[in-house]
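In: okay, structure incoming, though there's no sequence with it:
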């Protein structure tokens, strides 16, 4: 009698542990499936961004290096984009100076030093003047920038990763 009660108790305890393990396994499986789906979306996004900037695709032929290859590609993509954005900034500034030269008479050496302040005014007055000039230049500057977008931006691509519109320009 004690033996059968002991077996029933052990059996019930094992059954509880088995049920708990099954619940945990289902939860782990669900989290893993989510991670796999996210990983797939990230691969697609990295591939699409790399292709739009004409970078070499990730070589994932070696199973062991798959994750490392994606991390390396993402780091390379970031560094390359930084370099290209810097180049675009320089191109834009140079083009703006060409626009100024093409229709106006300015000493380009003076212009190349940036904003000119009036020494007879206070720093606050000069800052207010600069803020007003920046405000006045906003719309014309936007029009001028749009003229040079084809020179500095890659063509838009559509990735298979649905990002809900975030990260996209909406001008």
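Out: Received, thanks. A quick note: this is a predicted structure, and the numbers were derived from the prediction, not measured.
In: which helix runs longest in this structure?
Out: Longest helix of the chain, by residue count under DSSP state H: helix 2-52.
In: what's the average pLDDT for that helix?
Out: Average pLDDT, helix 2-52: 87.
In: elements contacting that helix?
Out: Judged by 3 or more Cβ pairs under 8 Å, 6 or more residues apart in numbering; DSSP states H and E, helix 2-52 is in contact with helix 66-103. Bear in mind the C-beta positions are built from the backbone N, C-alpha and C, glycine included.
In: does anything pack onto the helix it packs on? Which helices or strands?
Out: So helix 66-103, by 3+ Cβ pairs under 8 Å, 6+ apart, packs with helix 2-52, helix 108-111, helix 123-152.
In: switch those over to TSV; also include distance to residue 89 and mean neighbour count.
Out: Formatted as TSV, these follow (distance: least, Cβ to Cβ, whole Å; neighbours: other Cβ atoms under 10 Å):
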stretch	distance to residue 89	mean neighbour count
helix 2-52	19	11
helix 108-111	16	10
helix 123-152	9	11
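In: doesn't residue 49 make contact with residue 76?
Out: No - with contact defined as Cβ atoms under 8 Å, residue 76 does not reach residue 49; the gap is 11.0 Å.
In: next, find the distance separating residue 84 from residue 42.
Out: 21 Å (Cβ to Cβ, to the nearest Å).
In: re the thing from before, is it possible to export the helices and strands packed on helix 66-103 to a markdown table including distance to residue 100?
Out: Shown next, in a markdown table, are the helices and strands packed on helix 66-103 (distance: least, Cβ to Cβ, whole Å):
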| stretch | distance to residue 100 |
| --- | --- |
| helix 2-52 | 32 |
| helix 108-111 | 7 |
| helix 123-152 | 10 |
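In: ok, which of those helices comes nearest residue 68?
Out: helix 2-52 (13.2 Å; Cβ to Cβ).
In: next, the angle helix 66-103 makes with the closest one.
Out: Relative orientation of helix 2-52 versus helix 66-103 (axes from the mean of the first three to the mean of the last three Cα atoms, to 10 degrees): 30 degrees.
In: look at residue 121 and tell me its secondary structure.
Out: On the three-state scheme (DSSP: H, G, I helix; E, B strand; the rest coil), residue 121 is labelled coil.
In: list the contacts of it.
Out: residue 129 (Cβ atoms under 8 Å, 6 or more residues apart in numbering).
In: one more: residue 46?
Out: By Cβ under 8 Å, 6+ apart, residue 46 lies in contact with 58, 70, 73, 74, 77.
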